[in-house]
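>>> Sequence and computational prediction follow.
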Amino acid sequence: MNDAQEHGRNGPGLSRRQFLKGSGMVAATTALVGPAAPAAEADAKAPVALGPGPVKIQLTVNGKKMTTAVEPRVTLLDALRNYLDVTGCKRVCDRGTCGACTVLLDGKPIYACTMLALEARGHDIKTAEALAADGRLDAVAAAFVKYDAQQCGFCTPGFVVALRGALDKNPKASPAEIEEALAGNICRCGTYEQMRHAIAELCGKEGKGA
């Protein structure tokens, strides 16, 4: 079979014979010149493998450096609760839908159950415990107590942390804007009306710089 027949059978473009000839030339050139990048350089850029055993990590939680050892698969939620005894964030759905495990990561509310503990290294983590210092409650937590904006309490830490994050980001936010920011948090007891009273007061105070 000639090149023209092979060309016709395989459609437009290179024939098999032409392709094989070109491949042979490329292989010979590579063998003479060597690989594109030195092996040492490739190894230097390769990611460092961690695990499967426990890995020593340090996390900054509520202003304190805390050290522990966790397997790479351990979430931030589990690391906080089971390894560091920081139990403010609650395990409820454990799939990033209810918001009970909300913490602030560099000031941004996140679900602790959706982040690996290893990923939180080098970041500032704040939990509900940070809203009570020197025997005094943060204004957000105090408003929840004043208006009885909780029942079973499992969702409350996530709500107050997310609310604190929203007000820190926008102290002049309206109640509607705060409710939108809390859309990722669920209260199965249905204390939303009491929360609205707390939010209304907080928006009034924080908006005035109180």
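Yep, it's here.

>>> The closest residue to residue 131 other than its chain neighbours and residue 147: what is the separation?
Nearest residue to residue 131, sequence neighbours excluded (C-beta to C-beta, 6 or more residues apart in numbering): residue 138, at 3.8 Å. Using the backbone N, CA and C atoms, a C-beta is placed for each residue, glycine as well. Distance of residue 138 to residue 147, given as C-beta to C-beta, to the nearest Å: 15 Å.

>>> What of residue 48?
Taken as C-beta to C-beta, the span from residue 48 to residue 147 is 50 Å.

>>> Neighbour count: those two, which is higher?
Each of residue 48 and residue 147 has its neighbours counted (other C-beta atoms under 10 Å); residue 147 has more, 18 against 4.

>>> ranges for the strands of this structure?
Secondary structure of the chain (DSSP state E): strands located at 55-61, 64-70, 102-105, 108-111, 124-126, 132-133, 136-137.

>>> Could you pull up the residues touching residue 80?
61, 86, 87, 89, 103, 112, 125, 127 (C-beta atoms under 8 Å, 6 or more residues apart in numbering).

>>> can you pull the contacts of the nearest residue to the last one once chain neighbours are set aside?
Distances taken as C-beta to C-beta, 6+ apart put residue 88 closest to residue 127, at 4.2 Å, once the chain neighbours are dropped. Contacts for residue 88 were tallied using C-beta under 8 Å, 6+ apart; they are 127, 128, 129, 157, 161.

>>> so what's the spatially most central residue of the chain closest to, chain neighbours aside?
By C-alpha atoms, centre = their mean, the chain has its centre lying nearest to residue 115, at 4.4 Å. Using C-beta to C-beta, 6+ apart and skipping residues adjacent in sequence, the residue nearest residue 115 is residue 76, 4.6 Å away.

>>> and that neighbour, how far is that from residue 116?
7 Å.

>>> between these two, who's got more neighbours?
The neighbour comparison of residue 76 against residue 116 (other C-beta under 10 Å) goes to residue 76, with 27 against 16.

>>> so where's this structure uncertain?
For the chain, the stretches with pLDDT under 70 are 1-44, 51, 206-210.

>>> isn't residue 170 right next to residue 164, touching?
No - taking C-beta atoms under 8 Å as the definition, residue 170 is not a contact partner of residue 164, at 12.0 Å.

>>> who's more crowded, those two?
Counting neighbours by other C-beta under 10 Å for residue 170 and for residue 164 shows that residue 164 has the greater number, 23 against 14.

>>> Tell me who's in contact with the nearest residue to the more buried one once chain neighbours are set aside.
Here the nearest residue to residue 164 in space, its sequence neighbours aside, is residue 140; by C-beta to C-beta, 6+ apart that works out to 4.9 Å. For residue 140, the contact set (C-beta under 8 Å, 6+ apart) comprises 131, 160, 163, 164, 167, 198, 202.
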